[in-house]
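how does the following fold in three dimensions:
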Amino acid sequence: MTTVRDVTVRLTGWLDRLMPAGDRWAALTAELAWFRNDDRPVTAELCAEIERAAWRVSRHVALIYEPGGTAPPDSEAGQWPRQDPAAVRARAASVSQSRRLPDGTALIRIDGLDEVGLAQPYVDAAFTLARGADRLILDLRANGGGDPATVALIAGWLLGDEAVQLSEVVDQHGRRQWWTPDRPRGSALLEETCVLVSAATFSSGEALAYHLKARDRVLVVGEPTPGAADHVLPVRLAPTVLAHVPRAYVVDTVTGGNWEGTGVVPHVRTTADQALETALTVMDR
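Next up, the predicted model:
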């Protein structure tokens, strides 16, 4: 029988192995300490209770309860599986919409950030079709995140031809810089741009909106996002519990911080359903 204590002790041990030392590590382990003497059998409800405590520090922590699970706990951290190219192609790399509205606005909707090598043809095609538009709306309301390299690719279309440093990702081994790619001269889109966000915009989807907003490049319209900025790895804590464990945090080059806990706060707040109509109204002014 796996108990709440078993899960919490193993999760804390993985935080020691993966998470950079510092105040956030200390705060997260302190939140989990409340469960270290809890001998109740683990359930989906109790996994959710642990998650809610962890979210006070890291909104990316997840405990996924799998009642039929039989695999033993991991001794090494897992890795995210590579994506199936056929599946990515079938959904056009999550570029679910790219069209020109009657008023001359280009609307691009991207619902995920697939691996950059698979996503680039579809992303580039969508933004190429937006060339010459009167203005641009980038819809991230359903974007659940994905590859940081695809964040950099998209940001590069909007931040100019020369490479721009977006962030550093800090883990136990050091710092990794993320930059937009250099672009052919005159190829970036400089039109007035609005980004739509919602409570469903998550993780790297939030990163894209945050980095663009921090550089005063876009107007953000919609709902505040959840605020999940950590990078995580999958780790099995028990046959019935798979965890997403923080391994790194993001530092935006302009702000010196990130969106953890606060989310991306829109310039113009409205419901997700009203975000597109509101953006079009605001951009008309």
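
helices of the stretch 1-150 of the chain, start to end?
Using DSSP state H, counting those that start in this stretch, the helices found in the stretch 1-150 of the chain span residues 4-18, 23-33, 44-54, 85-90, 116-129, 148-159.

right, so of those helices, which gets closest to Leu107?
Closest to Leu107 of those, according to CB to CB: helix 116-129, at 9.8 Å. (Glycine included, C-beta is placed from N, CA and C.)

adjacent strands (with direction) for the longest strand anywhere in the chain?
When the chain is parsed with DSSP state E, its longest strand is strand 241-252. Strands adjacent to strand 241-252 in the sheet, as given by DSSP bridges, are strand 62-65 (antiparallel), strand 165-171 (antiparallel), strand 231-238 (antiparallel).

nearest to Lys213, out of the ones you listed?
So among the strands paired with strand 241-252, strand 165-171 is nearest, using CB to CB, at 12.0 Å.

run through who's touching that closest one.
18, 20, 148, 151-152, 155, 175-180, 207, 211, 231, 247-253, 258 (CB atoms under 8 Å, 6 or more residues apart in numbering).

and these, which are buried?
Neighbour counting over those (16 or more other CB atoms under 10 Å) leaves 18, 148, 151-152, 155, 178, 180, 207, 211, 231, 247-250, 252-253, 258 as the buried ones.

now stretch 14-31, how far from the centre of its chain.
20 Å (CA atoms, centre = their mean, to the nearest Å).

before we move on, what about stretch 123-139?
Counting by CA atoms, centre = their mean, stretch 123-139 comes out at 22 Å from the chain centroid.

again with stretch 250-260
13 Å.

can you check stretch 186-198 too?
19 Å.

would you mark the buried spots in it?
Buried, per 16+ other CB under 10 Å, within stretch 186-198: 188-189, 193-198.

just stretch 216-234 next, same as before
217-234.

end to end, how far does it reach?
Using CA to CA, to the nearest Å, one end of stretch 216-234 lies 34 Å from the other.

could you do stretch 180-193 as well?
18 Å.

for the remainder of this discussion, apply numbering that starts at 382.
I'll keep to 382 as the first residue from here, and by that count the last item is stretch 561-574.

so for it, what's the average pLDDT?
If you average the pLDDT over stretch 561-574, you get 95.

just stretch 466-475 next, same as before
98.

need the contact partners of it.
Taking CB under 8 Å, 6+ apart as the rule, stretch 466-475 contacts 491-496, 499-500, 502-504, 524, 527.

and the buried residues of stretch 567-579 as a markdown table, adding distance to Pro448 and secondary structure?
Converted to a markdown table, the buried residues of stretch 567-579 look like this (distance: CB to CB, whole Å; DSSP: H, G, I helix; E, B strand; the rest coil):
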| residue | distance to Pro448 | secondary structure |
| --- | --- | --- |
| Ala569 | 50 | coil |
| Leu570 | 48 | coil |
| Thr574 | 46 | strand |
| Cys575 | 44 | strand |
| Val576 | 39 | strand |
| Leu577 | 37 | strand |
| Val578 | 34 | strand |
| Ser579 | 31 | coil |
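
ok, which pair from the residues you listed is furthest apart?
Ala569 and Ser579 (26.3 Å).

show me what Arg650 bridges to in the sheet.
Gly603.

check contacts around it.
Contacts for Arg650 were tallied using CB under 8 Å, 6+ apart; they are 603-605.

just checking, Asp633 touches Leu589?
No. Counting by CB atoms under 8 Å, Asp633 does not reach Leu589; the two are 11.7 Å apart.

out of the helices of the stretch 382-531 of the chain, which one sits most buried?
Most buried of those by mean neighbour count (mean count of other CB atoms under 10 Å) is helix 529-540; its value is a mean of 23.

which other helices and strands does that one contact?
helix 497-510, strand 516-520, strand 546-552, strand 555-560, helix 585-595 (3 or more CB pairs under 8 Å, 6 or more residues apart in numbering; DSSP states H and E).
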